[in-house]
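Visitor: got a predicted structure plus its sequence, pasted below:
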Amino acid sequence: MMKKYDFETVVNRKNVGSYKWDQMYESYPELEDGIVPFSVADMELKIAPEIREGLKKYIDEMILGYTGPYTDYYDAVINWMKKKHNFDVKKEWISCSPGVVSAIYDCVKSYTEENDGVIVFTPMYYPFYNAIKVNNRKIIDCGLIENKGHYMIDFTKFEELAAEKDNKLVIWCSPHNPVGRVWTKKELEKVAEIALKHNLIIVSDEIHFDIIMDGYKHTVFQTLSEEVADITVTCTAPTKTFNLAGVGISNIIIKNEKLRKKFRKSQEKSSVHIFSPLPYKACELAYNDSEQWLSEMLELINNNQKTVNKFFEEKFDGLRAPLIEGTYLQWLDFRKLGLDNEKLKKFMNEKAKLFFSEGYTFGENGSGFERINLAIPVHILEEALERLYEAIKKEFPEFCK
């Protein structure tokens, strides 16, 4: 079938303020052109033309004045949730936030007091640690159990931690970043059972919930039951799905009126508001007009993860790149190299000219891992894998086949 969209063109983001490109060149200013970073989770892919052309038309016709959410925007969000996730959402449940990370900060402030515990399942997306620490709450680590690249929940430990009276909140990541799990409905039900039993509030980061690999199904946590919906804050956004992180729009869905009022009160204290019309319009265009782009993008991610997995299996001994279930992020296991965190980073940057997200930033149990962004043109990925192989063959030939 003929592909409609361009997923091969590389956009040079040098010297335009791209966070991950600037990080790379700040560390290595003499780095030659043609090296593309695989770190921060935005895509090295052109956005859907439906969004691009729609925003151009909007700018041609409209005034970029102070703007809030409007009917067509709400309808786009509500219809997407129903169509893609069988998730019935009412307009009044939706609170707008510039990002899921800022919403997590507001949730920590809204639903806990200083020195309360916040349970997390590590390795975990690193900004969530900071959301807990800067608000003087305690990080309560319920580390995931890893077995040959597959991660599972330690329900015994979770039950013990949930029972401690000072632990009030759970930050839940579904699909999980960085390990790429799409939790089964049975796993979700067990988490919910424990949370309900011990009066915990669940903040469910589901920003990657549209990015699911073949054979897996995402279940929105709060759809498990009315009781579960009553204790859940669901964090969603079009930003990961459609490469719109820079426009800053997230849809935070809270059914429980008391929890919703607390969240909005916290937003008011921080003066967290979206006044630009472009985020709302970009979200509307993404959800209404860009589903075919998403379908082709998912094929690219699925093929890229299989390319990485096959390359590791054919080229390396003891190094692993397990297939993911969701997100566009793959969790690579380099523990057998025996390098500490800084040496592994230096090896990747200087010997292989690869710039990943370092595993240790996701928690102590991320040491020896690297997170690679798969939302990238195939030819760039293949070039990077060859650089990796040549570097490991030179420095660690015993791990090469």
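Guide: Here it is on my side, so go on. Numbers count the residues shown, from 1 in each chain.
Visitor: show me the strands in the stretch 101-250 of the chain, by range?
Guide: Ranges of strands within the stretch 101-250 of the chain are 117-120, 138-141, 145-147, 150-152, 167-173, 201-205, 232-236, 250-254, based on DSSP state E, counting those that start in this stretch.
Visitor: make TSV from those and add distance to Val378 and mean neighbour count to it.
Guide: Using the backbone N, CA and C atoms, a C-beta is placed for each residue, glycine as well. Listed next are the strands of the stretch 101-250 of the chain as TSV, based on distance: least, CB to CB, whole Å; neighbours: other CB atoms under 10 Å:
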stretch	distance to Val378	mean neighbour count
strand 117-120	34	24
strand 138-141	37	18
strand 145-147	29	12
strand 150-152	26	15
strand 167-173	28	24
strand 201-205	29	25
strand 232-236	29	28
strand 250-254	30	25
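Visitor: looking at these, which is closest to Thr184?
Guide: Nearest to Thr184, of all the strands of the stretch 101-250 of the chain, is strand 150-152, at 10.3 Å by CB to CB.
Visitor: could you list the residues in contact with that closest one?
Guide: For strand 150-152, the surrounding residues in contact (CB atoms under 8 Å, 6 or more residues apart in numbering) are 144-146, 176, 179, 181, 322.
Visitor: quick one: average pLDDT of that strand?
Guide: The average of the pLDDT scores along strand 150-152 is 97.
Visitor: can you list the buried residues in the helix or strand harbouring Lys57?
Guide: Taking DSSP states H and E as the criterion, Lys57 maps to helix 49-61. Neighbour-count burial for helix 49-61 flags 50-51, 54-55, 58 (criterion: 16 or more other CB atoms under 10 Å).
Visitor: got the domain boundaries for the chain?
Guide: 19-49+291-399, 63-289 (automatic domain parsing).
Visitor: need the ones you listed in TSV with distance to Phe7, can you?
Guide: TSV is the format used below for the domains of the chain (distance: least, CB to CB, whole Å):
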stretch	distance to Phe7
domain 19-49+291-399	5
domain 63-289	11
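Visitor: and of the ones you listed, who's closest to Tyr5?
Guide: Per CB to CB, nearest to Tyr5 of those: domain 19-49+291-399, 5.1 Å.
Visitor: hmm, back to that, can I get the strands of the stretch 101-250 of the chain in CSV including distance to Asn365?
Guide: Formatted as CSV, the strands of the stretch 101-250 of the chain follow (distance: least, CB to CB, whole Å):
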stretch, distance to Asn365
strand 117-120, 12
strand 138-141, 9
strand 145-147, 7
strand 150-152, 10
strand 167-173, 14
strand 201-205, 19
strand 232-236, 23
strand 250-254, 28
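Visitor: in terms of pLDDT, where does the residue lying closest to Val100 once chain neighbours are set aside sit?
Guide: Distance criterion CB to CB, 6 or more residues apart in numbering; nearest residue to Val100, sequence neighbours excluded, is Cys235 at 4.5 Å. If you check Cys235, the pLDDT there is 98.
Visitor: am I right that Cys235 is in contact with Glu206?
Guide: Yes. Counting by CB atoms under 8 Å, Cys235 touches Glu206, with 6.2 Å between them.
Visitor: start and end of stretch 163-174, how far apart?
Guide: Using CA to CA, to the nearest Å, the end-to-end distance of stretch 163-174 comes out at 23 Å.
Visitor: renumber starting at 34 from here on
Guide: That works, and once the first residue is 34, the last one we named lands at stretch 196-207.
Visitor: what is the mean pLDDT for it?
Guide: The model assigns stretch 196-207 a mean pLDDT of 98.
Visitor: can you list the low-confidence ranges for the stretch 84-233 of the chain?
Guide: Within the stretch 84-233 of the chain, not a single segment meets pLDDT under 70.
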